[in-house]
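# I'd like to go over a predicted model; first the sequence, then the structure.
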Amino acid sequence: SPTGDSWGIFTFLCAALCNLPALPALNCSEELGAGQSIQQTYDLTRYLEHQLRTLAGTYLNYLGPPFNEPDFNPPRLARAERVPSATVDLDLWRGLTDNARLAANYRAYSRLLCYLRVLDGQVGTAELRHRLAHFCASLQGLVLSIGGVMSSLGYPLPAGPAGPPAPPGMHAAPNDFLKKMDDFWLLKELQTWLWRSAKDFNRLKKKVPPAVVTLRLEARGF
């Protein structure tokens with residue numbers, strides 16, 4: 001009968017499968033390597049650039065004139081030298097190895113983050129403190145992301161300084177104007193670092209192939 005034939009075929013197939021050697025297993029996986037890590041870091045850098053434009057406008061208005069005037073461009077004072085400077089010759093910067101540029105970015109943002117956290121505790125408005133705290137969290141994410149890129153490329157994380165960077169509060173400005181000047185230069189340097197980092201990661205992601213989907217055969221039982 002048709003029912004008996006179907007049952008017989010099913011029984012035969014089960015017995016055959018049980019007696020077959022283990023077949024190679026097909027494993028489909030997406031390799032999230034350096035290319036994916038670089039792309040994510042680039043995207044985060046561009047996001048921070050956008051975020052900083054809004055934050056800087058609000059903070060400079062909080063400082064008041066002349067700091068919030070578009071043409072205000074004071075000379076960099078010796079006090080500001082504690083803040084990592086991005087004003088390095090462009091050809092010299094591009095001549096560095098990828099490892100050296102990544103390490104410089106990692107160290108700079110780690111120090112800039114320390115200074116920003118001091119600002120977060122000094123501003124007088126709740127809204128500005130909230131914005132600073134949000135930006136600090138994003139910048140912390142960038143530091144971790146750069147560390148991830150370095151690890152994925154096989155580069156060691158740079159050794160930290162001998163001690164934590166001295167925040168602005170430990171070298172208090174002698175007057176309110178110089179204190180505001182410190183804050184102005186902190187934001188200005190951060191803006192330049194982010195602009196240059198975005199270009200660095202854009203070039204780097206072109207060197208490293210993007211994430212690919214690969215098929216791997218895992219042979220078992222042979």
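Nice, thanks for sending it over.
# C-alpha only now, for contacts and for neighbours.
Fine.
# other SSEs contacting the helix or strand where Leu144 lies?
Assigned by DSSP states H and E, Leu144 belongs to helix 126-152. The contact analysis (3 or more CA pairs under 8 Å, 6 or more residues apart in numbering; DSSP states H and E) places helix 126-152 against helix 34-63, helix 98-120.
# Can I get the last one in CSV? Just the C-alpha atoms.
Put plainly, it is helix 98-120. Extracted C-alpha coordinates of helix 98-120, given in CSV (Å, rounded to 0.1, in the frame of the first residue of the first chain):
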residue,chain,number,x,y,z
ASP,A,98,49.8,54.0,11.3
ASN,A,99,50.9,52.7,14.7
ALA,A,100,52.4,56.0,15.7
ARG,A,101,49.4,58.0,14.6
LEU,A,102,47.0,55.7,16.4
ALA,A,103,49.1,55.8,19.6
ALA,A,104,49.2,59.7,19.4
ASN,A,105,45.4,59.8,19.1
TYR,A,106,45.0,57.3,21.9
ARG,A,107,47.2,59.3,24.3
ALA,A,108,45.8,62.7,23.3
TYR,A,109,42.1,61.8,23.7
SER,A,110,42.9,60.1,27.1
ARG,A,111,44.4,63.4,28.3
LEU,A,112,41.7,65.6,26.7
LEU,A,113,39.1,63.5,28.5
CYS,A,114,40.7,64.2,31.9
TYR,A,115,40.5,67.9,31.2
LEU,A,116,36.9,67.8,30.0
ARG,A,117,35.8,65.9,33.1
VAL,A,118,37.2,68.8,35.2
LEU,A,119,35.1,71.3,33.2
ASP,A,120,32.1,69.1,33.8
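# Taking their axis directions, the following helix or strand past the helix holding Leu144 and helix 98-120 sit at what angle?
Per DSSP H and E, helix 126-152 leads on to helix 176-207 as the next helix or strand towards the C-terminus. If you take axes from the mean of the first three to the mean of the last three CA atoms, to 10 degrees, helix 176-207 sits at 150 degrees to helix 98-120.
# which strands and helices sit next to helix 176-207?
Using 3+ CA pairs under 8 Å, 6+ apart, helix 176-207 is in contact with helix 34-63, helix 98-120.
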